[in-house]
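Asks: Whatever this is, show me its structure:
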Amino acid sequence: MNISIAIPDSSLRDESTNLDKSRKVSLIARACAIFRVNTIFVYDETSGNYDDRFLLSTILKYLETPQYLRRDLFPKMDELKYAGVMHPLQIPHHSLSSKIEDLKVGDIREGAVVYYKAKKYVDIGVHKLIPYFGKEYEKKRVTVQIKTLEPEITVKEISEFHIKQYWGYKVKERPSLLKILEEWNGNILLTSRKGKEATLKQVQEYAKSEKPLLIAFGGPDRGLYDILGKKINEIQNTKTLNFFPNQATETVRLEEAMIGILSILNFANSN
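Replies: As a prediction, this is how the structure comes out:
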């Protein structure tokens, strides 16, 4: 499955402290990593959410970044004050060895471009800087593949299309949900308790489709019907489904909805 999600910048509004907000972002990131989400779109729901939007996007990016690159790519900031309470994602590019002797030709690693003595290098987390001849600038993240180990370590920059295993998610900010939906080239699922009850057949069709799937979520105070208004019925290749038809709680929180829906789709894809 090729899954992306769209969540509002108001996603943290129901948490009162930055500690609780940070924990919630950690749960969102973990859900995305578990179920191999490719892109997290953070869309503007209403004005005035700048602080939460920045916190949400920053922590999502931080958690997806391999630990050995975080000092290179993230300055000290208040938004990462509670990084210690957030659960690591432990996705494939996080658990690579830091020993040079463990490197193999063909290995793929994430790196950060750094300058040393007026020359560009890439830090790939092996306690040795590797010469870098690409176009990116300092503090930019790159994906590289090991070309040679002797007489020296050399790498080549590669794109995500060369990587077969799950390699983390991207975080993209957008000015509105409608803009994301209009630009999306694939299937779209809108999640709402006002939607039709999801059926097993529908879920399997989406899960097994070769087209990319975008799942859109509403906010704590406003659902997708409120956010999109009448335009909700004008978007192509879209269904609005209720995945929790018998919910006993008044609301289903974002992180709960994500884990529930992604679990259902994952199960449907494997059966």
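Asks: for the host helix or strand of A6, packing partners?
Replies: Here A6, judged by DSSP states H and E, is contained in strand 3-8. Where contact means 3 or more CB pairs under 8 Å, 6 or more residues apart in numbering; DSSP states H and E, strand 3-8 is packed against strand 37-43, helix 177-183, strand 213-216, helix 254-269. C-beta: built from backbone N, CA, C; applies to glycine.
Asks: want to throw those into CSV with distance to R109 and mean neighbour count?
Replies: Compiled in CSV, those are given as follows (distance: least, CB to CB, whole Å; neighbours: other CB atoms under 10 Å):
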stretch, distance to R109, mean neighbour count
strand 37-43, 20, 21
helix 177-183, 31, 18
strand 213-216, 29, 24
helix 254-269, 27, 19
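Asks: So which of the ones you listed is nearest Q145?
Replies: strand 37-43 (20.3 Å; CB to CB).
Asks: Pairing partners for the closest one, with directions?
Replies: On the basis of DSSP bridges, the sheet neighbours of strand 37-43 come out as strand 3-8 (parallel), strand 170-174 (parallel).
Asks: if you average pLDDT over the first one, what comes out?
Replies: Just to be clear, that refers to strand 3-8. Across strand 3-8, pLDDT averages out at 98.
Asks: sorry, back to before: mean neighbour count, the strands paired with strand 37-43: which tops it?
Replies: strand 3-8 (a mean of 25; mean count of other CB atoms under 10 Å).
Asks: Check what contacts that strand and list those residues.
Replies: Strand 3-8 is contacted from outside by 28, 32, 35-45, 49, 56, 174, 177, 180-181, 212-219, 227, 254, 258, 262, 265, using CB atoms under 8 Å, 6 or more residues apart in numbering.
Asks: Can you show me the helices along the protein?
Replies: 18-34, 50-64, 70-73, 177-183, 200-208, 224-228, 254-269 (DSSP state H).
Asks: list the buried ones in the longest one?
Replies: Neighbour counts using 16 or more other CB atoms under 10 Å place 18, 21-34 of helix 18-34 among the buried residues.
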